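**Student:** Here is a sequence together with a model predicted from it:
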Amino acid sequence: MPNRIVIVGGVAGGMSAATRLRRLDPEASIIVIERSGFVSYANCGLPYYVGGVIADQASLLLQTPESLDARFELDVRTGSEVVDVDRKMKEVAVVGPDGEGYALPYDTLILSPGAQPIVPPIPGIERAHTLRTVEDVTRIASAVAARPKSAVVIGGGFIGVESAENLIHKGISTSIVEAQMQLLAPVDAELASLVHDEMRKHGVQLFLGSGVSAIHADDVELADGTRVPAELVIAAIGVRPDVTLAKVCDLEIGERGGIVVNDFGQTSDPHIYAIGDVAEKIDAFDGEATLVPLANIANRQGRVAADHVNRRNVRPVKTIGTAIVKVFDLTVAATGWNEKRLAARGRSFQAIHTHPGSHAGYYPGSEQMALKLLFDPKSGEIFGAQAVGGEGVDKRIDVIATAIRCDLPAPELADLELAYAPPFGSAKDPVNMLGYIAENLMTGFTENTQWYDLNRLRADGYTMLDVRTVAEFAAGAIPDSINIPLDELRDRFDELPHTPIVVYCQVGQRGHTATVLLRERGLNAINLDGGYKTWSASEKI
C-alpha cells in the first residue's frame, strides 16, 4: 500500500515538501490541503504588486493545482481547511470549499500552515489591512486603486518598510508608526538611522517610539494624542506561528510559541512533522529555540522532512537568520546576531564599522556602504554582520553568512579569495578588509572604541583628535575636538596634549594610521571605529 501523506498548507514549506516527496516516491499518495485560494505563490513579492513594480498579479502565482497535478501528480485542494486531527486514528477532518466535511487518513502528516499576522486589540483595527496572502494583496490593491490621499503603516519591520515604499510609488502620502525607536530591528541603531534618512528623503513620515491607541475613520491616533491622516491603514506589526491545529491535537508548543520539532522536523508525535514559519528553529549561536519566518528556511525544512520520511540521511542545519530588504535606493541586509542581542545576552564582542565602496573607487559608479561586523574578541568567532548601502551589499552579507556557516574566524576573512575586477570589487574586498581589521584588533596591534563610548572617554580625560583635512573639519566635527591633519601629524606632535587620545577621521582608515603612529611614539591612543561618519549617523538616533 502506498504511503499516505497529507500536507496542511502550501507555499514555500508545504510545496517544497510535496514536490520533494514525489521525486523520492513515485507511488506515494500526496494530498495538499490549502485554506486559501492559492497554493504556490511568491508572498515576498506581494508589496511590490501593491506599488506596481510587479504589474501582473499572475506573475506572483508560481503553480496552480492543475499544473502541480500534471507535473507531480499531487492532489492539491485549495479553499479547504483541516479543522481537526485524530492522532490515534491517524486521520484529519477537512472542510471543503463547499462547506462539506470529510475525513482523510494519513500515514504521515506534515503541518505547514505558516504564521498569522499579529492584529492587536486596538479600537478600529478592523479597518486595517494585513499583507500575508494573495487575497490580502488583492484587497489592498483595490483600496489603492481608489486613490487614497494618505496611508499609515503600523510596524517598521521588513513588510512595513516595503509597504510604505510601494505606497509612496503610488503617490500616496505615507507614514510609518513604529513602537520601537528604530525601523528594521535586525540592524543596530546607527545603521538604522541611515534607513530613517532614506525613508524621510522619499517622503515617508516616521513616528518612532509611538504606539497606536485607536484607528478612526480618516486617521490613526497615537498614544500621545497625535492624529495621523490615514485613509488607508496597513497593519504590519509582525507574525506569530499558526499553531491552531497543533493545539487541537495536543502537540508540544515551545517557549517561543512555535511547534517543537527535532532535527528532522518531527513533532512530539513522530508521525507528524512541522515545517516553515509554524515550527521553532534552533539558533546557531546559542542552541536555543528561535522563530525565523524566512522562505529559504521553510524550503529547506520541507526538503529535510521529505528526506526523513523516505529514510534518507539528513543534515541538520541551525539558523543564523540572514535577511535583506530594499528601501528605495538602499539595500539593507543582516546575518547572525546584532549588537543589541549580544549585549542583552551578556556576550563579549568586538565591533568593526567600515564604509567601503562597492567596487574600485577609480572605476565609475562605486557606491559607498556601511558595513558592520561583530565577533568574539578572543576566539574570532563571527557573531553577525549588517550592511546598508547600494550595489554590493547583498554580496558582502552573503559571503559573511557563508563564513559563519563554515565556522571561519573573523581574521580569516582576509584570506578569502574573492572575485576582483574594477567594475565589481577592489583588490582588497570590503570583506577582506574586515578580516585585516579584526586581526589587528585581536593581536593588539591597534585598539578601537565605539561611538557610544565617547561621552565616557571624555569624562575620563581623553582628547578628541580629528586627523581629517582642515576643510573636512570645518564642515563638521565631533564637539571639543582638535584638528591636526594626518599628513601634518609627524611635525606637530608637540601640539598634542598630555592626555589619552581618541583619534578619528571620516571613516576610520586614516584614524587607524594615526593611531598606530601615536602608539609608536608611546602615546595612549585609540581609533574611533567607523570614524566621523558612523558617529554622525548615531547623532540622529
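**Tutor:** Right, received. Where do you want to start? Nothing here was measured: the structure is a model prediction, and the numbers come from that model. Numbers count the residues shown, from 1 in each chain.
**Student:** Return the distance of Ile297 relative to Val278.
**Tutor:** According to C-beta to C-beta, to the nearest Å, Ile297 stands 12 Å off from Val278. C-betas here are computed from N, CA, C, even on glycine.
**Student:** Check Ile324 too.
**Tutor:** Counting by C-beta to C-beta, the gap from Ile324 to Val278 is 23 Å.
**Student:** ok, now Met464?
**Tutor:** Applying C-beta to C-beta, the value for Met464 to Val278 is 52 Å.
**Student:** and what of Ala235?
**Tutor:** In terms of C-beta to C-beta, Ala235 sits 20 Å off from Val278.
**Student:** between the two, which one's more packed in?
**Tutor:** Val278 (29 against 25; other C-beta atoms under 10 Å).
**Student:** List phi and psi for the spatially most central residue of the chain.
**Tutor:** The geometric centre of the chain, computed from its C-alpha atoms, lies nearest to Ala323 (C-alpha atoms, centre = their mean), at 3.6 Å. Main-chain torsions, Ala323, degrees, to the nearest 10: phi -150, psi 160.
**Student:** surely it meets Thr331?
**Tutor:** No - using C-beta atoms under 8 Å, Ala323 is not in contact with Thr331, being 11.4 Å away.
**Student:** the strands in the stretch 51-200 of the chain, which residues?
**Tutor:** Under the criterion DSSP state E, counting those that start in this stretch, the stretch 51-200 of the chain contains strands at 61-63, 75-78, 81-86, 91-95, 101-105, 108-111, 115-117, 150-154, 173-178.
**Student:** partner strands of the last one, parallel or antiparallel?
**Tutor:** Strands that pair with strand 173-178, judged by DSSP bridges, come out as strand 150-154 (parallel), strand 205-208 (parallel).
**Student:** Next, count neighbours for the residue lying closest to Ala295 once chain neighbours are set aside.
**Tutor:** Closest residue in space to Ala295, ignoring its immediate chain neighbours: Ala12 at 4.5 Å, by C-beta to C-beta, 6 or more residues apart in numbering. For Ala12, the neighbour count with other C-beta under 10 Å is 28.
**Student:** List the residues that contact Ala12.
**Tutor:** In this structure, Ala12 makes contact with Asn43, Gly276, Ala295, Ala298, Asn299, Gly302, judged by C-beta atoms under 8 Å, 6 or more residues apart in numbering.
**Student:** picking up where we left off before, distance-wise, check the residue nearest to the centre of the chain relative to Ile541.
**Tutor:** As judged by C-beta to C-beta, Ala323 and Ile541 stand 21 Å apart.
**Student:** Over to Asp242?
**Tutor:** Per C-beta to C-beta, Asp242 is found 35 Å from Ile541.
**Student:** Counting neighbours, go ahead and name the busier of these two.
**Tutor:** For Asp242 versus Ile541, neighbours defined as other C-beta under 10 Å are more numerous around Asp242 (21 against 15).
**Student:** can I assume the more buried one is in contact with Val278?
**Tutor:** Yes - using C-beta under 8 Å, Asp242 is in contact with Val278, at 5.7 Å.
**Student:** Give me the common contacts of these two.
**Tutor:** Common neighbours of Asp242 and Val278 (criterion: C-beta under 8 Å, 6+ apart): Pro113, Gly114, Ala115.
**Student:** What are the boundaries of the strands in the stretch 351-500 of the chain?
**Tutor:** So, for the stretch 351-500 of the chain - with DSSP E, counting those that start in this stretch - the strands run 370-375, 382-389, 448-449, 463-466, 481-483.
**Student:** quick one, which of those is nearest to Leu104?
**Tutor:** Nearest to Leu104, of all the strands of the stretch 351-500 of the chain, is strand 382-389, at 43.5 Å by C-beta to C-beta.
**Student:** angle of the closest one against strand 370-375?
**Tutor:** Calculated by axes from the mean of the first three to the mean of the last three C-alpha atoms, to 10 degrees, strand 382-389 forms an angle of 180 degrees with strand 370-375.
**Student:** Strand 382-389 - contacts with which helices or strands?
**Tutor:** helix 189-201, strand 330-336, strand 370-375, helix 393-405 (3 or more C-beta pairs under 8 Å, 6 or more residues apart in numbering; DSSP states H and E).
**Student:** a markdown table for those, including distance to Pro148, mean pLDDT and mean neighbour count?
**Tutor:** Shown next, in a markdown table, are the helices and strands packed on strand 382-389 (distance: least, C-beta to C-beta, whole Å; pLDDT from 0 to 100; neighbours: other C-beta atoms under 10 Å):
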| stretch | distance to Pro148 | mean pLDDT | mean neighbour count |
| --- | --- | --- | --- |
| helix 189-201 | 19 | 97 | 20 |
| strand 330-336 | 26 | 98 | 25 |
| strand 370-375 | 34 | 98 | 26 |
| helix 393-405 | 33 | 97 | 20 |
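**Student:** Pipe the ones you listed into TSV and attach distance to Ala146 per row.
**Tutor:** Shown next, in TSV, are the helices and strands packed on strand 382-389 (distance: least, C-beta to C-beta, whole Å):
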stretch	distance to Ala146
helix 189-201	24
strand 330-336	30
strand 370-375	39
helix 393-405	36
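**Student:** Out of those, which gets nearest to Arg71?
**Tutor:** helix 393-405 (30.5 Å).
**Student:** who does that closest one touch, helix- and strand-wise?
**Tutor:** So helix 393-405, by 3+ C-beta pairs under 8 Å, 6+ apart, packs with strand 323-327, strand 330-336, strand 382-389, helix 430-442.
**Student:** you'd agree the residue nearest to Ala295 is in a helix?
**Tutor:** Yes - counting by DSSP: H, G, I helix; E, B strand; the rest coil, Ala12 is found in a helix.
**Student:** What distance do you get for it to Ala115?
**Tutor:** From Ala12 to Ala115 the distance is 12 Å (C-beta to C-beta).
**Student:** Average pLDDT for the helix or strand hosting Arg20, rounded please.
**Tutor:** Arg20 belongs to helix 11-24 when assigned by DSSP states H and E. Averaging pLDDT along helix 11-24 yields 93.
**Student:** continuing past it, what's the next helix or strand?
**Tutor:** Following helix 11-24 in sequence order, the next helix or strand is strand 29-34 (DSSP H and E).
**Student:** Ok, which of the helices and strands packed on helix 393-405 comes nearest Lys90?
**Tutor:** Per C-beta to C-beta, nearest to Lys90 of the helices and strands packed on helix 393-405: strand 323-327, 37.4 Å.
**Student:** Give me the angle between the closest one and strand 330-336.
**Tutor:** Going by the same axes, to 10 degrees, strand 323-327 makes 160 degrees with strand 330-336.
**Student:** Need the contact partners of strand 323-327.
**Tutor:** 158, 161-162, 165, 184, 186, 195, 198-199, 294, 331-335, 393-394, 397.
**Student:** let's see it at 6 Å
**Tutor:** Phe158, Val161, Val195, Glu198, Val332, Ala333, Ala334, Asp394 (C-beta atoms under 6 Å, 6 or more residues apart in numbering).
**Student:** so Thr133 sits right up against Ser36, yeah?
**Tutor:** Yes - contact criterion C-beta atoms under 6 Å: Thr133 and Ser36 qualify, at 5.2 Å.
**Student:** C-terminal to the helix or strand of the chain with the lowest mean pLDDT, what's the next element?
**Tutor:** Lowest on mean pLDDT, DSSP states H and E among the helices and strands of the chain sits strand 40-41, with a mean of 72. Sequence-wise, the next helix or strand downstream of strand 40-41 (DSSP H and E) is helix 46-50.
**Student:** list the helices and strands that next one packs on?
**Tutor:** If you count contacts as 3 or more C-beta pairs under 6 Å, 6 or more residues apart in numbering; DSSP states H and E, helix 46-50 packs onto helix 134-145, helix 158-169.
**Student:** Against which helices or strands is the first one packed?
**Tutor:** Okay, so that is helix 134-145. Against helix 134-145 (3+ C-beta pairs under 6 Å, 6+ apart) you get helix 46-50.
**Student:** Could you rerun that using 10 Å?
**Tutor:** Judged by 3 or more C-beta pairs under 10 Å, 6 or more residues apart in numbering; DSSP states H and E, helix 134-145 is in contact with helix 46-50, strand 150-154, helix 158-169, strand 232-235.
**Student:** Appreciated, that's everything.
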